[in-house]
Every structure is written in structure tokens, then in C-alpha cells.
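Visitor: my questions are about this predicted structure, shown below with the sequence.
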Amino acid sequence: MLRPQDFLFGLYLSIAGLLSYSSPAAFAVACKVAAAHAPSEAETAFLKGDFDQAVTLYQAPLKLKPDDSAAIAGLVDALLRQQKVAEAADIVEKALAGQPKSTVLLTAKADVLYRQGTPWLAAGVVEDALPQDPCNARLHLVHARLLRLSSFYAGEQKELRVAHQLDPYDPAIRREWIDTLSTRQRIAELEQYLASPNGDDPEDIRRLKIYLESLQKRLTEPRKSCRLASPANSTEIPFAMMMRDANHVRAFGLEVKLNDHNARLEIDTGAGGLLVSRSVAQRAGLKPFVETEVGGIGADGEKKAYTAYADSIKIGSLEFHDCMVEVLNSRNVMEDSDGLIGMDVLSGFLVTLDYPMHKLELGPLPARPTETSPQAPELHTGGGTEEDDASAADATGHAAAKDAGAKPAVAAAPPPRGPQDRYIAPEMKSYTKVYRVGHQLLIPTSLNQAANPPKLFILDTGSFSTSLSPEAAREVTKLHGNDALKVRGISGEVKKVYSADDVTFYFANLSQKGRDIVSFDISGLSRNVGLEVSGLIGANTLGLLTMHIDYRDGLVKFDYDPNRGFRSVYSQ
């Protein structure tokens, strides 16, 4: 039986073999490249971010010509920008009933399915559509997004370059293609991109400007890559208990030294990078590098923050030099914690969160077939993903080993530079494939019956409780208002919290039945990751397990042993 998490691996191989192109340039030669053109009224409204007007203008020609696929695709795109996903899905399905082979409409459908949180269905549409029109630039863009989601970063980069060669004027393609460039090129292209209408809303533009400023600062004040400076590349670290009161654990954390100053950081797989409070940063002598913003669950929106560089970060027996840290411009991050440590910062390691034994284990990732030995891991503190860090990691891996005094028994050939595709080592065949968006790990989860269509849930140790969106809860159980429940995140308190009746969660090789499940609006989270998220697998579930995470390849494994005599110590 084909599972959602298995689909994209076969899709990439079959499409690559079917198209038989060895390079983007060779493939694009046979296709007609899009020419610059004056935008229509509807396109102009869209590019200015006036999506209401764009919807109206795209609808106008459809009254005279209901089968105008270009207008339908434009309408669907505008509706998705308005977060009207169900309406967009209804329109594209009705249109496809009359034009089932239209590549333009199939591409729009794949976009909708991706946004609905069913990338395995989107992949099936791409697999059907790409052979019949391999010159469709937007189709390659959707394919690139699907590849990135499943940790095929080399394949994603190839598809983005194909898409951009086919249509260098499409802002959506151009925006994602920019991230394939060197820092200097990226700055120049991003400046041009922001100087003209591009269809981004004000929030996206604001974030891009912050990102641009960060790139410019890194270019004018370059820093060394965060690197391992200790001889060990594995370690075992006990959890630090973060108490709600004398008898109840609120969360687990790690003792971390920043420039030899102690900080207790909460373990949070739902967060990215290292985030500390202003008071911790001041004690550690962390000087502001670039102003930025951070946010999370809560109704208060983004919070002011800044990035800084730590000369030294020590986690257990591991020491890293020249690593980026984010600083929240407030006294505290979350209750009694000095900050958060997203496990993605340790993505150069095989990460094992052993909750029953209250410890973190870090070990080497298996060497890829192109490597004769595992590479020296780094600390990925920029909050980025492997495709962002791969070039630097490949270029500095051997230098880091030299700095650490390590002497490999066999001289290893330099590994391939640049982004790499997912590799599943023989010893990791039992792992479950997950989707990755930045630091977030999304796992297909069925509700109440294992055979029910899966929905995407984020693995989030920073969330005290496993939770559901109200929309997902109403599909399977009853929902009740509950003013007694309080949910807080970095962005403050959630305004409206519900309680859902009995729900059984099925994910990976596990099932868990819950009662009075916390439910609240997570549409903002869905918008940020670009897919519909139906809930969070939280600490009261993950705290019963040993969780192994390979961030590099998008793989996880859960161990549950009822004979260990352990029950969750989280307070209720």
C-alpha cells in the first residue's frame, strides 16, 4: 500500500527518468521561453497585492468564456493569497470536469492540494501533468516545492532553475529561484525583486526586507561558519527539568553555555535556531548584529528581536565557535526558561530525544554513498534548512575536523558541494519519512481510524499538549468552548480555546487515544508554513517516547517500551 510519506521519492525518480535531462539548460532548449509582456488589469491588481480587485477582474472574462483556463488559474492563485483555499479548490475541480487534460488547470490543482496539506495528492497530479507538458514553468515550480518538502534539495534546485529559464518573469518563480544564488547575487536580485510589484502582501514584503538587510550585513561583515571545535562528534546530555511547581514538570531543557555563561534552554522541536532572552544575551556579551522579529503561537503578533554571534556555544561535551543566536528583546522568553533551543540547530547530528530516560543523545549521521566517512557536524543556528547550509557545510566539514584535532584513518575524498537529496541508509530503513518546512517537521496523522485520510501535524515538543485545529476537530468529534483552558506562546495568549471530545491519533507506527483535546486556531501557522496544518503532536504524547530525528534527510523513528515503567511526568 502506498503511504503519503513514501510517494515523493518514487515521483522524483520516475519524472527525472522520464524527462531524461542532464541539466536545466539542456532541457530548456527544446521549450519556448516566456517573453516579457504588459500585465493585464487582473495581473496588475495581483502584483500590487490587491487580491480583492484581482479576484473581481479574473472573474469578469469567465462570464463570457467560462473555460478560460488562464483566467481560472489566475483566480485560483488570487483566492489562495486570500487564504480562501476551499473556494479555490471548488473552482478548479469544476473547471477540470470540462478540461481534464488542461496542464494549466492541473498545475492550479496541484497548487491547491499542496496548500490543503495533501502534498502526496499534489505529487500525483504533477506526475500525471509533467509528461504531457514538460515546458510548463509553473508546473516545475510546484514540483520544486514538493521536492524540497521531502528533503530532495538538489532536485529542488534543478527544478527551480528549469522553471526560471522557462519563465524568468514570473514573480513566484523568481522569488524562489533567488534562493539558489550566491549571497552577492541573491542580494542584487532581491533588491530588484522588491523594487517592483511582485504579488507579495505587506507582511511578506516586510519579512523579505529584514532578510535582505541580514544578507547585506553578512556580506559587509562576514563571519566564519559555525563549526565544531571539540574533538568529540557525539555526546549524551541529561535533560534539565523545568518545573511548574515543586511536584510538576513543565518542560525539559538543556544546560547550554554561551560564551561560558550558563543558560537553561527549553527543548522545542517546534522552534527554530537558538532563541534567548535579552538578559541572557547581555550576560553573555552578545552584541546585536541585525534587527529582526520572531513569533509563534499567540495573538500578539511578531516580537522585536535581533541576531547576534556567540564566540563559543557549549552543549554537553560539544563546543562550537562563531554561531548565530536570536535574542528576544524582552526579559523572558517563556515562563522560567532562558530561551528555546530548536532541535534543528543540531541537524548535523542524529538527534535522539530519550524522554523516558531524560536525556539527549547526539551521534553522527550515516555517510552518504558519495562520502567515505561521516562529515564533521556543525551547529545550524541560522534557523535555515539543509539546502541553505549545504554549501558551507560541505566546504568546511574537513576544516572543522582539522580544527578539532581529529585524524581520520582513511583520507576522505572531498564530498560533493551544494545541496543534497535525501539519503536513507540501510540502518535507517525502519524510519518514517516526514515533511520538512524550515525547522518544522510535519507528519501525516489519521484521526479516529488508521484508514482515514491523513492530515499534517507538527512534531512540537514545545507545545505542552497534543492539539487540534477546530476545523479538524469538528470532522471527527464534538467541540466545546472552554474558558478555563489557557494556551500561551511567544506571541502571547491565544484568544479562544476549545476542548474536543475523544480522538485517537495514528502516526508512524503509533496510536494514542486522547480525551478533552486542546483545540485552537492555528491558521497563522498554516499560512507561515504554506500548507494546512491540522494540529500539533505535543509533549504529553512525545514525552512518552524516544524520538530519533534525522533532520538532514527528513526521517524520524519513535520507540515506545511500556516495560520501562515510565509515564509522562508533565503536569496536567
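Guide: Nice, I can see it. Residues are numbered from 1 along each chain as shown.

Visitor: who are the contact partners of the residue lying closest to Leu219 once chain neighbours are set aside?
Guide: Nearest residue to Leu219, sequence neighbours excluded (C-beta to C-beta, 6 or more residues apart in numbering): Thr183, at 5.7 Å. Where you see a C-beta, it was placed from the backbone N, CA and C, and this is true even at glycine. Residues near Thr183 by C-beta atoms under 8 Å, 6 or more residues apart in numbering: 215, 218-219.

Visitor: what's the helix or strand encompassing Met242 packed up against?
Guide: In the assignment (DSSP states H and E), Met242 maps to strand 240-243. Other elements packing on strand 240-243 under the criterion 3 or more C-beta pairs under 8 Å, 6 or more residues apart in numbering; DSSP states H and E are strand 249-258, strand 261-267.

Visitor: now do the buried residues in the shortest one.
Guide: For strand 261-267, the neighbour count (16 or more other C-beta atoms under 10 Å) marks 261, 263-267 as buried.

Visitor: could you dump those to a markdown table with pLDDT and distance to Lys495?
Guide: Output for the buried residues of strand 261-267, formatted as a markdown table (pLDDT from 0 to 100; distance: C-beta to C-beta, whole Å):
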| residue | pLDDT | distance to Lys495 |
| --- | --- | --- |
| His261 | 96 | 37 |
| Ala263 | 94 | 31 |
| Arg264 | 93 | 30 |
| Leu265 | 94 | 28 |
| Glu266 | 94 | 24 |
| Ile267 | 95 | 27 |
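
Visitor: now, which of those residues sits nearest Lys486?
Guide: Taking C-beta to C-beta as the measure, Lys486 sits nearest to Glu266 out of the buried residues of strand 261-267, at 17.8 Å.

Visitor: what's across from the closest one in the sheet?
Guide: Gly253, Leu340 (DSSP bridges).

Visitor: that one is in contact with Glu255, isn't it?
Guide: No: using C-beta atoms under 8 Å, Glu266 is not in contact with Glu255; the gap is 11.6 Å.

Visitor: host element of Asn247?
Guide: Counting by DSSP H and E, Asn247 is part of no helix or strand.

Visitor: show me what the strand or helix carrying Ala154 is packed up against.
Guide: Per DSSP H and E, Ala154 falls inside helix 153-166. In terms of contacts (3+ C-beta pairs under 8 Å, 6+ apart), helix 153-166 is packed against helix 24-28, helix 137-149, helix 171-177, helix 386-403.

Visitor: buried residues, the second one. List them.
Guide: Judged by neighbour count using 16+ other C-beta under 10 Å, the buried positions of helix 137-149 are 137-149.

Visitor: and of those, the nearest to Val529?
Guide: Of those, the one sitting nearest to Val529 (C-beta to C-beta) turns out to be Leu149, at 9.8 Å.

Visitor: any idea of the pLDDT on the residue nearest to the closest one when sequence neighbours are not counted?
Guide: If the residues on either side of it in the chain are set aside, Leu149 comes closest to Tyr435, at 4.7 Å by C-beta to C-beta, 6+ apart. pLDDT for Tyr435: 98.

Visitor: quick check: beta-bridge partners of Tyr435?
Guide: Leu442.

Visitor: measure it to Leu47 for me?
Guide: Distance check for Tyr435 against Leu47: by C-beta to C-beta, to the nearest Å, it reads 30 Å.

Visitor: which of the contacts of Thr183 fall within helices?
Guide: Among the contacts of Thr183, the members falling in helices (DSSP state H) are 215, 218-219.

Visitor: write the PyMOL selection for whichever of these are buried.
Guide: Buried members of these, defined by 16+ other C-beta under 10 Å, are picked up in PyMOL with:
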select buried, resi 215+218
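
Visitor: out of the ones in helices among the contacts of Thr183, which is nearest to Pro366?
Guide: So of the ones in helices among the contacts of Thr183, ranked by how close each gets to Pro366 (C-beta to C-beta), first place is Arg218, at 31.3 Å.

Visitor: who are the contact partners of the closest one?
Guide: Thr183.

Visitor: burial of Pro168, as a residue count?
Guide: By other C-beta atoms under 10 Å, the residues close to Pro168 number 15.

Visitor: so what's it up against?
Guide: 33-34, 174.

Visitor: just the CA coordinates for the helix or strand containing Leu62, please, in CSV.
Guide: For Leu62, the host element (DSSP H and E) is helix 51-64. The C-alpha coordinates for helix 51-64 follow below in CSV (Å, rounded to 0.1, in the frame of the first residue of the first chain):
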residue,chain,number,x,y,z
PHE,A,51,-6.3,40.5,-4.3
ASP,A,52,-9.9,41.5,-3.9
GLN,A,53,-9.7,43.5,-7.1
ALA,A,54,-7.7,40.8,-8.8
VAL,A,55,-10.5,38.2,-8.0
THR,A,56,-13.1,40.6,-9.5
LEU,A,57,-11.1,41.2,-12.6
TYR,A,58,-10.3,37.5,-13.2
GLN,A,59,-14.0,36.6,-12.8
ALA,A,60,-15.1,39.1,-15.4
PRO,A,61,-13.8,37.2,-18.6
LEU,A,62,-15.2,34.0,-17.2
LYS,A,63,-18.7,35.3,-17.6
LEU,A,64,-18.2,35.4,-21.3
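
Visitor: quick one: mean pLDDT for the strand holding Met242?
Guide: The model assigns strand 240-243 a mean pLDDT of 86.

Visitor: out of the buried residues of strand 261-267, which comes closest to His248?
Guide: Glu266 (15.3 Å).

Visitor: I'd like the distance between that closest one and Ile341.
Guide: 7 Å.

Visitor: mind listing the helices for the stretch 451-572 of the chain?
Guide: 470-476, 523-529, 539-542 (DSSP state H, counting those that start in this stretch).

Visitor: ok now the shortest one, how far from the chain's centre?
Guide: Counting by C-alpha atoms, centre = their mean, to the nearest Å, helix 539-542 is centred 20 Å from the centre of its parent chain.

Visitor: what's it in contact with?
Guide: Under the contact criterion C-beta under 8 Å, 6+ apart, helix 539-542 has outside partners 251, 269, 353, 355, 459-466, 505, 512, 514, 568, 570.

Visitor: of those, keep whichever come out buried.
Guide: Buried, going by 16+ other C-beta under 10 Å: 251, 269, 353, 355, 459-466, 505, 512, 514, 568, 570, out of the contacts of helix 539-542.

Visitor: using the record's assignment, carve the chain into domains.
Guide: Here the domain parsing of the chain from automatic domain parsing is 4-180, 227-404, 428-564.

Visitor: quick one: contacts for the most centrally placed residue in the chain?
Guide: Nearest to the geometric centre of the chain sits Val437, at 1.4 Å (C-alpha atoms, centre = their mean). Listed by C-beta under 8 Å, 6+ apart, the contact set of Val437 reads 149, 529-531.

Visitor: again, 10 Å this time
Guide: Residues in contact with Val437 (C-beta atoms under 10 Å, 6 or more residues apart in numbering) are 145, 148-149, 385, 456, 458, 528-531, 533.

Visitor: would you mark the buried spots in stretch 322-334?
Guide: The neighbour-count check on stretch 322-334 (16+ other C-beta under 10 Å) flags 322-329, 333-334 as buried.

Visitor: kindly reformat these as JSON lines containing pLDDT.
Guide: Shown next, in JSON lines, are the buried residues of stretch 322-334 (pLDDT from 0 to 100):
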{"residue": "Asp322", "pLDDT": "91"}
{"residue": "Cys323", "pLDDT": "92"}
{"residue": "Met324", "pLDDT": "92"}
{"residue": "Val325", "pLDDT": "94"}
{"residue": "Glu326", "pLDDT": "93"}
{"residue": "Val327", "pLDDT": "94"}
{"residue": "Leu328", "pLDDT": "90"}
{"residue": "Asn329", "pLDDT": "83"}
{"residue": "Val333", "pLDDT": "69"}
{"residue": "Met334", "pLDDT": "64"}
